[in-house]
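Novice: Any chance you can model this:
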Amino acid sequence: MSEEIEVSLTLRVRLTDWDGLRAAGLGAVSRGAGAEEVRARAEQVASGPYGALAVLIDPDRLLAGIDSVEAVTSVVAVGAPGSFGAGRAPDFGALFPLTPPSGAETSWLLTPRTAAVLHGQLRILADCARNELDELGGAPVRPETRSGVVFAALPKPTWGQDADWRIRFISSFCALAADLAAGEWPRPRCPAEEMALHLALLDAEEALSDVPEGVETDVAGLPVSVYDYDWSGCRSTFFRHADVLLRYEAISPALEEPASWFTAFETG
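Specialist: Have a look, this model is predicted:
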């Protein structure tokens, strides 16, 4: 008998010692990985508690000792409560008040409705990508059969990437959604997150144009602002690189190697 089974596990933890968590994460990054993978995973740990937990929570170790099953695909997503799954949606009205905080660097606002729509699109894209991963696995995206809305939309140098790369890309949607659920602006930390946010903004803009009634239902009850759905403002505020669209359309040399997409941007 052979049957595929999907397992869903929701685990909520409380961080009590960031230094200890970081040390544990760094201690785990070198297990069975090459030099490039070790470097990328160490950067993931250094990015904060979410990244460290994502490294430490290993689905293969959960199945260790169970000889009658084997992992087919696995995605570990770590974020603030309500970032993904079927849990209660974040209170974007409280997370993103319409009055800018005193001493803010800019007068531009991420409004509750804009945050809610963008968060929703990030979650939708993550779910779509998981479904596409189930179908593709490690097989390349074929130009003649470009089905799906996520991996086929990425630049051609990524089409031949394996399942592990695709799993890491899915985590980019989750990380950005977690930022919003925690009341933070979704500022990409690496090229993969830039592309994930780029796709989410495109889809959010399209949803508002194609299914405005559905968007209105999703944001019902949130305060209204004249600054709602300022996607141009999102692009000019969130992205580290002002020429992000040009970079992906032309594929800059730095992005021709998909493995570099998960290398964290330098701080400063």
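Novice: Secondary structure class of the residue nearest to Ala163 when sequence neighbours are not counted, three-state.
Specialist: Ranked by CB to CB, 6 or more residues apart in numbering and with sequence neighbours excluded, the top spatial neighbour of Ala163 is Gly138, at 4.4 Å. Where you see a C-beta, it was placed from the backbone N, CA and C, and this is true even at glycine. The assignment at Gly138 comes out as coil when based on DSSP: H, G, I helix; E, B strand; the rest coil.
Novice: where does Gly138 fall, phi/psi-wise?
Specialist: Torsion angles at Gly138 (phi, psi; degrees, to the nearest 10) stand at phi -100, psi 10.
Novice: Tell me the spacing between the spatially most central residue of the chain and Thr217.
Specialist: Closest to where the C-alpha atoms of the chain average out (CA atoms, centre = their mean) is Phe173, at 1.8 Å. Noted for Phe173: a distance of 22 Å to Thr217, by CB to CB, to the nearest Å.
Novice: again with Arg189
Specialist: For Arg189, the distance to Thr217 equals 32 Å [CB to CB].
Novice: Name the residue in these two with the higher neighbour count.
Specialist: For Arg189 and Thr217, the more surrounded residue by other CB atoms under 10 Å is Arg189, and the numbers stand at 23 against 9.
Novice: any weak-confidence spans in the stretch 51-200 of the chain?
Specialist: Where the stretch 51-200 of the chain drops to pLDDT under 70, the residues are 60-61, 65, 71-77, 79-88, 101-106, 143-147.
Novice: how about the strands in it?
Specialist: Assigned by DSSP state E, counting those that start in this stretch, the strands in the stretch 51-200 of the chain number zero.
Novice: Break down it into its helices, ranges please.
Specialist: In the stretch 51-200 of the chain, the segments counted as helices under DSSP state H, counting those that start in this stretch are 59-63, 92-95, 112-136, 163-181, 191-210.
Novice: mind checking which of the ones you listed is nearest Val38?
Specialist: Of all the helices of the stretch 51-200 of the chain, helix 163-181 sits nearest to Val38, with 14.2 Å by CB to CB.
Novice: which helices and strands does that closest one pack with?
Specialist: helix 49-56, helix 92-95, helix 112-136, helix 191-210 (3 or more CB pairs under 8 Å, 6 or more residues apart in numbering; DSSP states H and E).
Novice: Surely the residue nearest to the centre of the chain touches Ala196?
Specialist: Yes - here Phe173 reaches Ala196: they are 5.0 Å apart, a contact under CB atoms under 8 Å.
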